[in-house]
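In: let's see this in three dimensions:
(chains A, B, C and D)
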Number of protein chains: 2
Amino acid sequence: MSAPRRAPRFKRRLPAERRLALIEATIECLKRFGHDGLSIRTISAQAAVSVGLINHHFPNKNELVAAAYRHFNAQLVGGMQAAVAQAPESPPARMRAFLQASFAAPNLDADTLAVWVVFWGMYRHSRSIQRVQHETHQDYVRLVRGLLAELLAEAGAGKRRRVRRGVPAAAGELRRAAIGLTALLDGLWLQWCLQPSAFRPDEAVRMCEAWIASLCERISAEARD
Amino acid sequence: MSAPRRAPRFKRRLPAERRLALIEATIECLKRFGHDGLSIRTISAQAAVSVGLINHHFPNKNELVAAAYRHFNAQLVGGMQAAVAQAPESPPARMRAFLQASFAAPNLDADTLAVWVVFWGMYRHSRSIQRVQHETHQDYVRLVRGLLAELLAEAGAGKRRRVRRGVPAAAGELRRAAIGLTALLDGLWLQWCLQPSAFRPDEAVRMCEAWIASLCERISAEARD
DNA sequence: CGTCTTGTTGTACGATCGTTCAACAGCGTG
DNA sequence: CACGCTGTTGAACGATCGTACAACAAGACG
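Out: Model (predicted):
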């Protein structure tokens, strides 16, 4: 019979590994309890660690929450980029893949969407959230603008003649288009969060595609002048 | 010389009056401090009353917050109805008045919009917020649907021939139109909240009008078949 | 002026908050 | 096996939280 070896009371992890676990626990607490879930004790319980560990890996709670927001953003953008990457090469197909990914799991989940809303609600009064927002939001905007630029270039150039004027004219137009599409996406997400039964995912995709189609029509009409 | 009459230490108010003051103080605290401003002591200080008074007029904090949400909703819908009412009678003019009021003071204020986001962030985990949402949101939806119905009736009937088929066909279409427009409005509000410099109010109005115009075109095209 | 109603005050209570820190212990290393 | 680094624990701190409640007082009324 071997010597009685006590099971270790805890397992040491690499800092990066533990940090990620704490970040994921933070997001899980947000899903389960909303803003009230953002307490050191709730999060440490979710991560199955002691209360003191959080301040060993993060300087304070704000920084943990900000890191969770960064992770949450990165997950979204990464998922979207992956969905676009494995779509057919054509601009419409890539845009369609983007929209369908926007209105399908794991993004179109009421708990997940509610997490976004809570983060956004912190924006104006949390410096660290503002910092992360400015750092990561442009990744999303870049993706949306890229998809739109492909489509609008096709619409502007394909109709009658190649207009060099189309490029600078599309600059302001592209900015507005990205803002409008982002607004439509966020607004539909918000409604899904508040009332998931209000519409079906495919309806949302079609609404966005209708918006984009009317945009392309307007662009090509202007290019026709 | 008259007898020295001490100034009264406080002034008694009618319950309705005091309740309103507490509700307005709650909203002001939300504007100034976000979700963290929702503490009994912060709110009572803002209202210049003692901590105990809140629980004399409201059973608990949740009910005060829910009452504040109800007031906030009522103020928005009331303002919108007023803006529409004093517009010219024509459907496009009424819709334009609605959109302009949506993207002008006092609604288009970053602090005010942030209050919406905080309320929305509470929705999924607060029964009382859910109750108020279901009670008051339909007032807003009714207004939007009414304005859209006027426009779509005009678009569907005006083009070629009067189609009785247009009315039932427009039922599902009207539902989607209201959802889309609401999403666009909310999404633009959210972006204004996170980044007020991203677009100008008149750009937002034009984006909404472009969305509605393309909607009308589609409707009238379908009615033409 | 005395009485009564009730809106208002402010203390008190127990719970929970974020953070600190000394002690512990897992586990790679010699 | 013993040492040392450091990830980890958990108690402790002062602050703040929401609520309860007994005492106070404003103001209407007779």
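
In: quick one: buried residues of the strand or helix carrying residue A:217?
Out: Residue A:217 is located in helix A:201-224, with elements delineated by DSSP states H and E. Buried residues in helix A:201-224, counted by 16 or more other CB atoms under 10 Å in any protein chain shown: A:201, A:203-208, A:210-216, A:218-220, A:222-223. In short, each C-beta sits where N, CA and C put it, glycine included.

In: repeat that for stretch A:127-140.
Out: Applying 16+ other CB under 10 Å to stretch A:127-140 flags A:128-129, A:132-133, A:136, A:140 as buried.

In: most centrally placed residue in chain A?
Out: The residue lying closest to the centre of chain A (CA atoms, centre = their mean) is residue A:76, at 3.7 Å.

In: does that residue really touch residue A:137, like I thought?
Out: No. With contact defined as CB atoms under 8 Å, residue A:76 does not count as touching residue A:137 (10.6 Å).

In: helices - which of the buried residues of stretch A:127-140 land there?
Out: Judged by DSSP state H, helices contain the following of these: A:128-129, A:132-133, A:136, A:140.

In: quick one, phi/psi of residue A:198?
Out: Main-chain torsions, residue A:198, degrees, to the nearest 10: phi -70, psi -30.

In: just give me the neighbour total for it.
Out: Per other CB atoms under 10 Å in any protein chain shown, the neighbour tally for residue A:198 reads 18.

In: got a pLDDT number for it?
Out: At residue A:198, the pLDDT value in this model is 95.

In: which residues sit in contact with the residue lying closest to it once chain neighbours are set aside?
Out: Leaving aside its chain neighbours, residue A:198 sits nearest to residue A:191 (5.6 Å; criterion: CB to CB, 6 or more residues apart in numbering or on different chains). Going by CB atoms under 8 Å, 6 or more residues apart in numbering or on different chains, residue A:191 touches A:198-199, B:179, B:182-183, B:186.

In: which one (most neighbours) among these?
Out: residue B:183 (26 neighbours).

In: hmm, that residue is touching residue A:188, no?
Out: Yes. Between residue B:183 and residue A:188 there is a contact under CB under 8 Å: 4.5 Å.

In: need the overlap of contacts for these two.
Out: In contact with both residue B:183 and residue A:188: residue A:207, using CB under 8 Å, 6+ apart.

In: on that earlier part again, between the strand or helix carrying the residue nearest to residue A:198 and helix A:201-224, how many degrees?
Out: Assigned by DSSP H and E, residue A:191 belongs to helix A:166-194. With axes from the mean of the first three to the mean of the last three CA atoms, to 10 degrees as the basis, helix A:166-194 and helix A:201-224 are set at 160 degrees to each other.

In: what about residue A:148, how many residues nearby?
Out: 25.

In: one more: residue A:52?
Out: So residue A:52, with other CB under 10 Å, has 9 neighbours.

In: and whatever residue of chain A ends up closest to DNA strand D, how far from residue B:44?
Out: Of all residues in chain A, residue A:52 sits closest to DNA strand D, at 1.7 Å by CB to the nearest atom of the strand. Noted for residue A:52: a distance of 34 Å to residue B:44, by CB to CB, to the nearest Å.

In: how many neighbours does residue A:95 have?
Out: Neighbour tally, residue A:95, other CB under 10 Å: 21.

In: does it touch residue A:145 like I think?
Out: No. Contact between residue A:95 and residue A:145 fails when scored by CB under 8 Å: they sit 11.9 Å apart.

In: ok, now which ones touch the residue nearest to the centre of chain A?
Out: So residue A:76 contacts A:107, A:140 (CB under 8 Å, 6+ apart).

In: so how far is residue B:219 from the residue nearest to residue A:198?
Out: 22 Å.

In: over to residue A:11?
Out: On the measure of CB to CB, residue A:11 and residue B:219 end up 63 Å apart.

In: what's the answer for residue A:82, then?
Out: 37 Å.

In: also residue A:199?
Out: 18 Å.

In: what's the answer for residue A:65, then?
Out: Taken as CB to CB, the span from residue A:65 to residue B:219 is 46 Å.

In: now residue A:25
Out: Taking CB to CB, one finds residue A:25 at 49 Å from residue B:219.

In: then residue A:221?
Out: Distance from residue A:221 to residue B:219, by CB to CB: 19 Å.

In: so what's residue A:210 up against?
Out: B:214, B:218.

In: just the pLDDT for it.
Out: 94.

In: give me the neighbour count for residue A:71.
Out: 18.

In: for residue A:189, see how far away the nearest residue to it once chain neighbours are set aside is.
Out: Spatial nearest neighbour of residue A:71, excluding adjacent residues (CB to CB, 6+ apart): residue A:23 at 4.9 Å. Separation of residue A:23 from residue A:189 (CB to CB): 22 Å.

In: likewise residue A:209?
Out: 16 Å.

In: swap in residue A:111?
Out: In terms of CB to CB, residue A:111 sits 12 Å off from residue A:189.

In: what about the two, which has more around it?
Out: It is residue A:189, of residue A:111 and residue A:189, that has more neighbours when counted by other CB under 10 Å, with 24 against 14.

In: which ones are touching that one?
Out: A:102, A:107-108, A:113, A:116.

In: and what of residue A:110?
Out: Here residue A:110 is in contact with A:192-193, A:196, B:124 (CB under 8 Å, 6+ apart).

In: would CSV of those with distance to DNA strand C be doable?
Out: Listed next are the contacts of residue A:110 as CSV, based on distance: CB to the nearest atom of the strand, whole Å:
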residue, distance to DNA strand C
A:192, 29
A:193, 24
A:196, 28
B:124, 18
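
In: show me the shaky parts of chain A.
Out: Judged by pLDDT under 70, chain A has its weakly predicted residues at A:1-5, A:156-170, A:223-225.

In: those residues of it touching DNA strand D, which are they?
Out: A:9-15, A:18, A:49-53, A:56-57 (CB under 7 Å from any atom of the strand).
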